[in-house]
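[1] Provide a 3D model corresponding to the input given below.
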Amino acid sequence: MTVFMILTIDWLVPFLKWDINTCGTEKISYPVSDLWLPDIEIKELMDEDKSQSIPYLQINYTGGLHLVKVKRIPVSCQLNIYRFPFDVQECSITFLSLIHEEDEMILTSKSVEFSTNSSVDSDSGWKLEDLTKCNFTYNLTSIRSFSCQQYNLTLSREASLYVVNLLVPSCFLSLLDLCSFILPPQNMDRSAFKMTLILGYTVFLIITNDILPKSVSPTPLINVFFSLSLGLMVASLLETMLIVNLSNFPNKYPKVPRWVHVLILDFLGRLLFISHKCPDAQVEVVLNSNAKGNPDITAMMPSLTGEKDEREGSAVVNELKKVAQDLLTIRLRVEEHLRPKQAEIEWNLIANVIDRFLFLIYILFVIASYITIIVLWSSS
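    Okay, the predicted model is just below:
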């Protein structure tokens, strides 16, 4: 953190007094290089102080010296970005002397006033909430101690930029993924749409990676939020792949097991208000088990007399037997053709039930996850 400050230092030198009636002035400017200056350092300083120094100070007729320093210095501040971008940080700036011990020099502060003038740069993304001071003794060793003056700054991050650039687009993409369940599962467009959405969200995370804070521990909640959103999109895509597979390729699966029919169509279907009645796709034919494979056509024919009539009757019977055999074959083929259609309808119904059930689970999980993250953001 870079701090810009105007530091004023006042101290008293008794032998620099004069009579204003004799000298005719109350204060004078004097070169800094010709006088003793208090050795005051900043404990949190991270780099060399390259601030421009003012070559003069003021001396009052009472012996008081007034020195003004304009400083722009980088200082260290331990940040806790767990609640980024809604985090509030507390940083301190400590002034002390490492040469003059506490019995030689005591640092005190005249006043510390918090106002709009004590603020941070508007482009820095921070807002100064509070400014306090405290005095304490810094014990370097058991026999050496130094007087310290500490200023505590309470800074809050301007979250509007991150909300607009990070959270709002992520929420819109998650909402778009949620609305994609409106697309029919029998159509391949839902899978393609979700894959495009995941690709777009991945590109979004790569672009915004430079805006996110670099922290190992603890992991910021916003990173958890992004990972959770991406994970939900991937889970949604996997669910869509399952539903599309069941809807478009039911012939790959055998007849629906009884327990699947009871659990999904009867139980879940009723809970989700999905009708599981299948239209009749199979003609049921019941044959007499005592009858022969081919009916006795001769019993249906009237009794014929004569050799000629007998030959004609035999030809008719043979022809009717062939017709009966052909009809039996056609019936078996029709049953074989209608049977997979029945299974296909049942698998489509199962796909619809699973799709709606997982959609409700998805909505509940999204709502619970977002509420949890919002509570953690607001309560931490």
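
[2] Surely C23 is in contact with I59?
    No - when contacts are counted by CB atoms under 8 Å, C23 is not listed as touching I59 (11.3 Å). (C-beta placed from N, C-alpha, C; glycine too.)

[3] Compare those two (neighbour count), which wins?
    Of the pair C23 and I59, I59 is the one with more neighbours under other CB atoms under 10 Å, namely 20 against 10.

[4] so that one, which of the three states?
    In terms of secondary structure, I59 is strand; the call rests on DSSP: H, G, I helix; E, B strand; the rest coil.

[5] Check Y151 too.
    Here Y151 takes the strand state, with states given by three-state DSSP.

[6] quick one: contacts for it?
    Taking CB atoms under 8 Å, 6 or more residues apart in numbering, we find Y151 in contact with S92, I93, T94, F95, V112, L131, T132, K133.

[7] Repeat that for N165.
    With contact taken as CB under 8 Å, 6+ apart, N165 is in contact with T208, I211.

[8] before we move on, what about the one 5 residues further on?
    When contacts are counted by CB under 8 Å, 6+ apart, S170 touches Y201, F204, F225, F226, S229.

[9] taking the contacts of Y151 one by one, which sit in strands?
    Within these, residues falling in strands by DSSP state E are S92, I93, T94, F95, L131, T132, K133.

[10] Distance to I264 added to the residues you listed, as JSON lines?
    Listed next are the ones in strands among the contacts of Y151 as JSON lines, based on distance: CB to CB, whole Å:
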{"residue": "S92", "distance to I264": "62"}
{"residue": "I93", "distance to I264": "66"}
{"residue": "T94", "distance to I264": "68"}
{"residue": "F95", "distance to I264": "73"}
{"residue": "L131", "distance to I264": "64"}
{"residue": "T132", "distance to I264": "64"}
{"residue": "K133", "distance to I264": "69"}
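
[11] of the residues you listed, buried ones?
    The neighbour-count test (16 or more other CB atoms under 10 Å) applied to those identifies S92, I93, T94, F95, L131 as buried.

[12] Out of those residues, which is nearest to C148?
    When these are compared for distance to C148 (CB to CB), T94 wins out at 5.5 Å.

[13] Please report the distance of the closest residue to that closest one other than its chain neighbours from D177.
    If you skip the residues right next to it in sequence, T94 has K43 as its closest partner in space, 4.0 Å away by CB to CB, 6 or more residues apart in numbering. Going from K43 to D177 by CB to CB, to the nearest Å gives 50 Å.

[14] Give me the more crowded residue out of these two.
    Ranked by neighbour count (other CB under 10 Å), K43 and D177 place D177 first, with 21 against 15.

[15] for that one, phi and psi?
    Main-chain torsions, D177, degrees, to the nearest 10: phi -60, psi -40.

[16] I figured it hits A235, correct?
    No - here D177 does not reach A235: they are 10.0 Å apart, not a contact under CB under 8 Å.

[17] I'd like the distance from the helix or strand hosting P169 to the chain centre, please.
    For P169, the element it lies in under DSSP states H and E is helix 168-179. Using CA atoms, centre = their mean, to the nearest Å, the distance from the centre of helix 168-179 to the centre of the chain it belongs to is 11 Å.

[18] And stretch 33-48, by the same measure?
    Using CA atoms, centre = their mean, the distance between the centre of stretch 33-48 and that of its chain works out at 46 Å.

[19] So for that stretch, first residue to last residue, what's the gap.
    The first and final residues of stretch 33-48 sit 20 Å from each other (CA to CA, to the nearest Å).

[20] thinking again about what came up before, any chance of the contacts of Y151 in a markdown table, plus distance to N165 and pLDDT?
    Conversion of the contacts of Y151 to a markdown table gives the following (distance: CB to CB, whole Å; pLDDT from 0 to 100):
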| residue | distance to N165 | pLDDT |
| --- | --- | --- |
| S92 | 30 | 90 |
| I93 | 31 | 89 |
| T94 | 35 | 90 |
| F95 | 38 | 89 |
| V112 | 35 | 60 |
| L131 | 29 | 85 |
| T132 | 33 | 87 |
| K133 | 36 | 87 |
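
[21] which residues touch V163?
    Contacts for V163 were tallied using CB under 8 Å, 6+ apart; they are P85.

[22] In terms of helix, strand or coil, where does it fall?
    helix.

[23] quick one on the thing from earlier: which one of the contacts of Y151 is nearest P185?
    Using CB to CB, S92 is the member of those that sits closest to P185, with 58.7 Å.

[24] Please name the residues that touch N139.
    Contacts were defined as CB under 8 Å, 6+ apart; by that measure N139 touches S145.

[25] Test of understanding: give the bridge partners of it.
    S145 (DSSP bridges).
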